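> quick one, what's the 3D model for this:
(4 chains)
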There are 2 protein chains.
Amino acid sequence: MEKQTVTIYDVAHKANVSMATVSRVVNGNSNVKPNTRNKVLDVINQLKYHPNAVARGLASKKTTTVGVIIPDVTDMYFASLARGIDDIAAMYKYNIILANSDGKEGKEIHVLNTLLAKQVDGIIFMGNNITDKLRKQFQSTSVPIVLAGSVDIKETEPSINIDYIKAVSEAVNDLVQNGNQKIAFISGPLNQDINSKYRLKGYRYALSKNHITYDQQLVYGIKHSDDLYKVGEKLAQSLIDNHITAAIISDDELAVGVLNGMKAHNVKIPQDFEIITSNDTKLTRMVRPQLSSITQPLYDIGAVAMRLLTKIMDNKKIDDKNILLHYRLVKRDSTK
Amino acid sequence: MEKQTVTIYDVAHKANVSMATVSRVVNGNSNVKPNTRNKVLDVINQLKYHPNAVARGLASKKTTTVGVIIPDVTDMYFASLARGIDDIAAMYKYNIILANSDGKEGKEIHVLNTLLAKQVDGIIFMGNNITDKLRKQFQSTSVPIVLAGSVDIKETEPSINIDYIKAVSEAVNDLVQNGNQKIAFISGPLNQDINSKYRLKGYRYALSKNHITYDQQLVYGIKHSDDLYKVGEKLAQSLIDNHITAAIISDDELAVGVLNGMKAHNVKIPQDFEIITSNDTKLTRMVRPQLSSITQPLYDIGAVAMRLLTKIMDNKKIDDKNILLHYRLVKRDSTK
DNA sequence: ATGAAAGCGCTAACAC
DNA sequence: GTGTTAGCGCTTTCAT
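As a prediction, this is how the structure comes out:
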């Protein structure tokens, strides 16, 4: 009872045409007489013929699948991008192979190679850090790669991001305007470029603009952790001890942790402590007080990345390879 | 400068062996003299040969990829399952093609067929409702399918779930023990079996056990919506008007909405209103008060589903095709 | 232990 | 407009 596969040959045979003709109607090639087209279509229906994408992929050297490397699907930030990616992919008849990397270089490289082995037509990479080794891997393949919500300081690959430097700078400036002098910078690992070379830079820029001296003590670079929320929660004590009155935080879960941690210590938000977070995931609106945030067009970052990738895969020339999408600063209830 | 693909032929040629032998070493077949194996391995490294998975797929009729149909990756519940699925898939050297369906029958069927066209070796389906049409599609393919966190009232396909009836029943019983008489049942659409045939059943069972008459007025079946959180928030007024003092809620985002909605109306949680939610996503621990919840082993549901799928794909016989994983009731701060 | 050769199901020249 | 045919890169009998 193995489902006997019906191939293009069977259809051709039964319809009294050549395989080429069947292939043409299946692929919507216009060079087919309406008559024969219908005949073929009929047989296709009778036989319940379904094209085999693997065979097609081997013959045409295109799989209409793209690889998507993501640190963790359960991270709202990346999941939101992934949704944008998949929607646009579907729109262009692509499928995505999704692979979690935990942001670990080893996994990233491994998964990149299996994706390549599967002959994906393109790759969208998400990750907080592009190491030299990884960059080298990127460059050693001819398969197009686009970075989504992920910076490459060397900008060797096309990418979609927001201007993290300016965004953070604006946020910090806001905090200063509200009267804060001791503002914490809380982010993921500082050995990740996005934190040290972008966000922290924006932070320092805003401080200097406002003639506030940079204090290393106020910089919290969280090391890689499975549960940023908990880390944030535990940070509260130190924040209080250091007499800090505000924070710019790079991750929403981390920010929620800080928020709850502070509240647990009876610190009033925003009266005694202000928070601005960075990703504007739906979390920001679910906690109380709602978190003020840099807003990013999460879905669009993914969507634009995928759209850009399709262009590159189609060999269309692209004008801008490192695109910055618009961000805004949304004041909710964690700022005065 | 097109990257000239090096094939198994090139390796065979340069190593002075047949393609069959190269194939054997690549696939770890033991029938190769250590000597030749090493010779081949050497050449593989020199030539930087990488097997083409598409060609392999066509020849072997196995793609080592499985399709994963998910309503929405940005839904924490499903994303958590997806993570479990991918981890186990990776462990077994499978990749996953992830496709969002929005839980819409049309999309589900469409995506199922493109997955099949891509010759996936198996499929994991997640969705709140299995329609007759969908079930028919499932049955018309010989590709194994496993349902994860998704019930099929007819149990035609293998599935991994928790016992929703008992879980909800216990939760409601708890609410009654706490003195509540007017307990709302809040869930997604009641035309979805998981809500009407399972959860609601558990709710009614607990009520009758406690001699409380079932009141249709207290049953809130939310129609399909993009933003359950907002829906929940708006529900508060009605809950108050109906003098309801507790609720069992089927979705965490929905529950958070209700929680915040009630708080906005100055209703004290849990003193004046108790909430038990159902999925125990990390959201439950991020809001204040923290939500009491039925706890589900989210990651494991996905992991077990994938593991079961590998067994079926390997034609191993399976003992239990409809598996119920353990749940518990975790009392946090939204219950007395 | 190794090789020869026939496909896997389709596409893409190229010819007519 | 339609057909012929040579691959795409690999696995898998079947011999030896």
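> domains of chain A?
A:8-51, A:63-162+A:298-327, A:164-295 (automatic domain parsing).
> please see if the first one touches chain B.
Think domain A:8-51. Yes - counting by CB under 8 Å from any CB of the partner chain, contacts between domain A:8-51 and chain B involve A:50-51. In this view, the C-beta of every residue, glycine as well, is placed from N, C-alpha and C.
> swap in the longest one?
Yes - Domain A:164-295 reaches chain B (CB under 8 Å from any CB) through A:229, A:253, A:256, A:260, A:263, A:282-283, A:285-288.
> from DNA strand C, how far out is residue A:210?
Per CB to the nearest atom of the strand, to the nearest Å, residue A:210 is found 59 Å from DNA strand C.
> go on, residue A:65?
15 Å.
> the helix or strand harbouring residue A:123: partners in the sheet, and parallel or antiparallel?
Using DSSP states H and E, residue A:123 maps to strand A:122-125. Under the criterion DSSP bridges, strand A:122-125 sits next to strand A:65-70 (parallel), strand A:145-148 (parallel) in its sheet.
> contacts for it?
With CB atoms under 8 Å, 6 or more residues apart in numbering or on different chains as the test, strand A:122-125 has contacts from A:66-69, A:85, A:96, A:108, A:112, A:115-116, A:138, A:143-148, A:150, A:157, A:302, A:305-306, A:309-310, A:312-313.
> which of these count as buried?
Taking 16 or more other CB atoms under 10 Å in any protein chain shown as the criterion, what is buried in those is A:66-69, A:85, A:96, A:108, A:112, A:115-116, A:138, A:143-148, A:150, A:157, A:302, A:305-306, A:309-310, A:312-313.
> and stretch A:185-201, end to end?
11 Å (CA to CA, to the nearest Å).
> per-residue confidence averaged over that stretch?
If you average the pLDDT over stretch A:185-201, you get 96.
> pull out the buried residues from it.
Buried, per 16+ other CB under 10 Å, within stretch A:185-201: A:185-190, A:192-196, A:198-200.
> one step back: the residues of domain A:164-295 next to chain B: which two are farthest apart?
Distance extremes for those: the farthest pair is A:263 and A:282 at 19.9 Å, using CB to CB.
> how about TSV for the strands paired with strand A:122-125, with mean pLDDT added?
TSV is the format used below for those (pLDDT from 0 to 100):
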stretch	mean pLDDT
strand A:65-70	98
strand A:145-148	98
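> list the contacts of the nearest residue to residue A:260 once chain neighbours are set aside.
What sits nearest to residue A:260 in space, not counting adjacent residues and going by CB to CB, 6 or more residues apart in numbering or on different chains, is residue A:233, at 5.7 Å. Going by CB under 8 Å, 6+ apart, residue A:233 touches A:257-258, A:260-261, A:264.
> 7 Å instead, please
A:257, A:260-261 (CB atoms under 7 Å, 6 or more residues apart in numbering or on different chains).
> how far away is it from DNA strand D?
50 Å.
> next, that residue: secondary structure please.
Three-state call for residue A:233 (DSSP: H, G, I helix; E, B strand; the rest coil): helix.
> which pLDDT does the model give it?
For residue A:233, the model assigns a pLDDT of 96.
> buried set for stretch A:256-268?
Result for stretch A:256-268 [16+ other CB under 10 Å]: buried residues A:256-263, A:267.
> ditto for stretch A:16-36
So, applying 16+ other CB under 10 Å, buried residues of stretch A:16-36: A:17, A:21-26, A:32, A:36.
> phi, psi of residue A:11?
phi -60, psi -50 (degrees, to the nearest 10).
> give the contact list for it.
Applying CB under 7 Å, 6+ apart, the residues contacting residue A:11 are A:22, A:40, A:43-44, A:47, A:49.
> out of the residues you listed, which is most surrounded?
Neighbour counts for these, by other CB atoms under 10 Å in any protein chain shown, peak at residue A:22, which reaches 27 neighbours.
> you'd agree it is up against residue A:8?
Yes - between residue A:22 and residue A:8 there is a contact at 5.0 Å, judged by CB atoms under 7 Å.
> quick one, helices of chain A?
A:8-15, A:19-26, A:34-47, A:53-60, A:76-91, A:105-117, A:132-139, A:164-177, A:193, A:200-209, A:228-241, A:252-264, A:283-286, A:298-313 (DSSP state H).
> need those helices in CSV with distance to residue B:76, can you?
As requested, the helices of chain A are arranged in CSV below (distance: least, CB to CB, whole Å):
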stretch, distance to residue B:76
helix A:8-15, 43
helix A:19-26, 40
helix A:34-47, 42
helix A:53-60, 32
helix A:76-91, 7
helix A:105-117, 22
helix A:132-139, 29
helix A:164-177, 25
helix A:193, 28
helix A:200-209, 30
helix A:228-241, 13
helix A:252-264, 11
helix A:283-286, 10
helix A:298-313, 15
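> which of these sits closest to residue B:75?
Here helix A:76-91 is closest among the helices of chain A (CB to CB), at 8.6 Å.
> elements contacting the closest one?
Packing partners of helix A:76-91 (3 or more CB pairs under 7 Å, 6 or more residues apart in numbering or on different chains; DSSP states H and E): strand A:65-70, strand A:95-100, helix A:298-313, strand B:95-100.
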